[in-house]
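Undergrad: pasted the sequence and its predicted model underneath.
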Amino acid sequence: MLSNPKQDEIEIEEFHIERQKVGLRRALTQIRDTISFELRRNLNRFLVILLVYIGFFILGVLIFESAEALGLPIAADSAEYVKGYLELNFGFLIVISGAAFGGSIIAEDYHKQTNNLLFPKSRKANILIGRLIARYLLMAACLLFFYLLVAGITLINYEEIPLTIFNSFGWALYFSFAILSFITMLSSFMKNTSMTIIMGIMITIIVFEMIPMLVSMSGVFEKNEFPLFFVLTYYGRIVSESLAMPNPRYSVEIIQMMDSEPVETMTWLTPSEIGAFFGILIYISFLLLIAYLRYKKRQSKGE
Amino acid sequence: MNNEVMIRFSNLTKKFKDFYAVSNIDLEIRKGEIVGFLGPNGAGKSTTMKMLAYLLKPSEGEIWIRSNGELKKLSSHNKDYLLDNIGFLIENPTFYGNVTPRLVLKYFAKLKGYPRKQVNKRVEEVIAIFGMSDWIDKKIKTFSKGMRQKIGVASAIMHDPDIVVLDEPSTGLDPQARREVRDFILKLKKIGKTIFLSSHLLYEVSEVADRVAIINNGKLIAFDTLDNLEAKAKKSIIHFELIRQPEENIENMLKNIEEIVTPLTGISTELNWVDYNEDSKVFQIFFNGHPENQLNILETLLKNRYKIIEFSVPKAGLLENLFLEMVNPEGNHDFNNNSQNNLNNLEKELIMEVQ
């Protein structure tokens, strides 16, 4: 008979271990262990996203250096220079990294059926909190790296780093958590990770950007006098605008259709700091609540 | 084994819209015993297991689990506490591909509150039991289905629970690995663990279970010890092989064997008594399971100059017939195919043993 010698040597010992008791302490331990597991599990993804950030930074450098070489107007000060990088592609980078880190956060358990192994071992809330923290930490590390690169090139070119870069970085961290929350919510509805990533990018880049246009065209708000508080991506504008606050929050334009009277309309450029803080907070709370409820209930339908 | 009930299903029912996946199941699992949960695919085994793991909420009925000496009703309030002492393997285990067994098993053990200082040692011990020490730091995505299944079983016992629930633990395993899992289940029983084992493989269950519960169409149709079920069955299968494999006129030969053994089988139904599998070259005779009839059949075959090299009655055959009758009382069961599957499995195991 074939048998594994190692197996024959090993007998299962009968002993009783003292497991950590169920309760708050166990819950905190589960969250900590999930963070640690997720950090290691997402390491490759992190490295790929980091490369994307570096790629976009290099692209920015090439564009600004080429513009300077061609004699095009350059940024007047360091804050404007940093803003240039952030307006160029940073919103897109946040969305990409949010989708990459958050796309699998819930959908994967049902798509790959990892739920059957995992869920009897921990409360879903602890898993979700641990995963969110771990993935957010990785996302934040990417953002920090990008800001360090931008700060470095700004220091080289302007011999100073604008202090407002810290404001901007703070808003970037806050806004990126809102994007991660949105993708997490989307992940709780989607059947697989790839679809979540694709849908997440499409909705944040295309659908959210179309909403202000549609609202403006519908004429619901005369002159567009209400800020775009209902559009998640609108809050992202504060990341670059916070480099030179107080900026005008809107611009007024006069639009004239063919035969109609000229109409004054407002274009909202950035939310106020207080508005952005509460707006993003409400968004995060709402999105994560939906995500958690979906995560909790999804199993019962036999998915 | 004692009479202390560890798990009790009471009128357990799960309904998906108008479909009853599990209907009014009453079942008790006692301390230290292995209960086999047997049923065809789609019978409701996994749904029952999922309700026990609180992955699905019962539509009706209750699940009671013993913890700290007291039998308590499973609910959302105490599920963490009650399920802490159970290790689950539900359906085919799927792992995150880009992690190693060491990483994932450590994570699972910690989630269940296993002492942190002993986790590393425990992971290595459990992996060694399955003979996978060389693979402990390899990515799971490179593993075969059988290897993943072993890691799944390992994950169920990582935190050293008193109750182990295994849903189709041998799925995808080769005969050697199946035997390892079977031996491992027996070892767990030896040290006092209570095991609830679901399977659609009669062989798997009959080899290890003290009691067998048979489920079909969501309903529990039998629950008894193997001996009692076999006594109820009173039917079995003889397998035999000839020294020389019949090359032609197999139909005539079957007809002849059927004529001489039919009066000796001790049963009367419309089924064919004799069958022959061309792939395995094995004849099968359906009879009542009595040793006297078995002997008479053998003697008659020899008397009629059939040169028999192998003559046996696989134990699972008894249970198999009972099972088939119970899940399909109309008698419209695929007797030959099921028998043949088990026979093929048996043959594979024999081949492995010979090697």
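TA: Nice, I can see it. Residues are numbered from 1 along each chain as shown, chains lettered A, B, ... in the order given.
Undergrad: quick check: domain ranges of chain B?
TA: Following automatic domain parsing, one finds the domains of chain B at B:5-231, B:234-354.
Undergrad: now those domains as TSV including distance to chain A?
TA: No exception for glycine: its C-beta is placed from N, CA and C like everyone else's. Listed next are those as TSV, based on distance: least, C-beta to the nearest C-beta, whole Å:
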stretch	distance to chain A
domain B:5-231	3
domain B:234-354	5
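Undergrad: most neighbours per residue, which of these?
TA: domain B:5-231 (a mean of 19; mean count of other C-beta atoms under 10 Å in any protein chain shown).
Undergrad: just the strands in the chain please.
TA: I'll assume chain A. Using DSSP state E, the strands of chain A run over A:250-255, A:263-268.
Undergrad: oops, chain B please
TA: Counting by DSSP E, the strands of chain B are B:5-16, B:19-30, B:34-38, B:60-67, B:70-73, B:86-89, B:163-167, B:194-199, B:211-216, B:219-225, B:236-242, B:274-277, B:282-287, B:308-312.
Undergrad: so which elements touch the fourth one?
TA: Helices and strands touching strand B:60-67, as assessed by 3 or more C-beta pairs under 8 Å, 6 or more residues apart in numbering or on different chains; DSSP states H and E, comprise strand B:5-16, strand B:19-30, strand B:70-73, helix B:79-83.
Undergrad: and the first one, which strands flank it?
TA: Paired with strand B:5-16 in the same sheet, following DSSP bridges, are strand B:19-30 (antiparallel), strand B:60-67 (antiparallel).
Undergrad: now the longest one: mean pLDDT?
TA: If I follow you right, that is strand B:19-30. The average pLDDT for strand B:19-30 rounds to 92.
Undergrad: lowest average pLDDT across the domains of chain B?
TA: Lowest mean pLDDT within those: domain B:234-354, at a mean of 70.
Undergrad: right, and A:E209 touches A:T233 too?
TA: Yes. Counting by C-beta atoms under 8 Å, A:T233 is a contact partner of A:E209 at 6.5 Å.
Undergrad: looking at these two, which one has more neighbours?
TA: More neighbours surround A:T233 than the other of A:E209 and A:T233, with 22 against 14 (other C-beta atoms under 10 Å in any protein chain shown).
Undergrad: was I right about the more buried one contacting A:M210?
TA: No. In this structure, A:T233 is not within contact of A:M210 by C-beta under 8 Å, at 10.5 Å.
Undergrad: how about the helices in the stretch 251-355 of chain B?
TA: With helices called from DSSP state H, counting those that start in this stretch, the stretch 251-355 of chain B shows them at B:291-303, B:315-327, B:335-354.
Undergrad: oops, could you answer that again for the stretch 101-250 of chain B instead?
TA: Under DSSP H, counting those that start in this stretch, the stretch 101-250 of chain B gives helices at B:101-111, B:116-129, B:145-157, B:175-190, B:202-208, B:226-233, B:250-261.
Undergrad: just so I know, which of these lies nearest A:S181?
TA: Nearest to A:S181, of all the helices of the stretch 101-250 of chain B, is helix B:101-111, at 24.0 Å by C-beta to C-beta.
Undergrad: what lies in contact with the closest one?
TA: Defining contact as C-beta atoms under 8 Å, 6 or more residues apart in numbering or on different chains, one finds that helix B:101-111 is touched by A:29-30, A:33-34, A:36-37, A:40-41, A:117, A:121-122, B:95-96, B:116, B:119-120, B:122-123, B:126-127, B:132, B:135-138, B:140, B:151, B:154-155, B:158-159.
Undergrad: which residues does B:Y54 contact?
TA: B:Y54 touches A:P120, B:L74, B:S76, B:K79, B:L83, counting by C-beta under 8 Å, 6+ apart.
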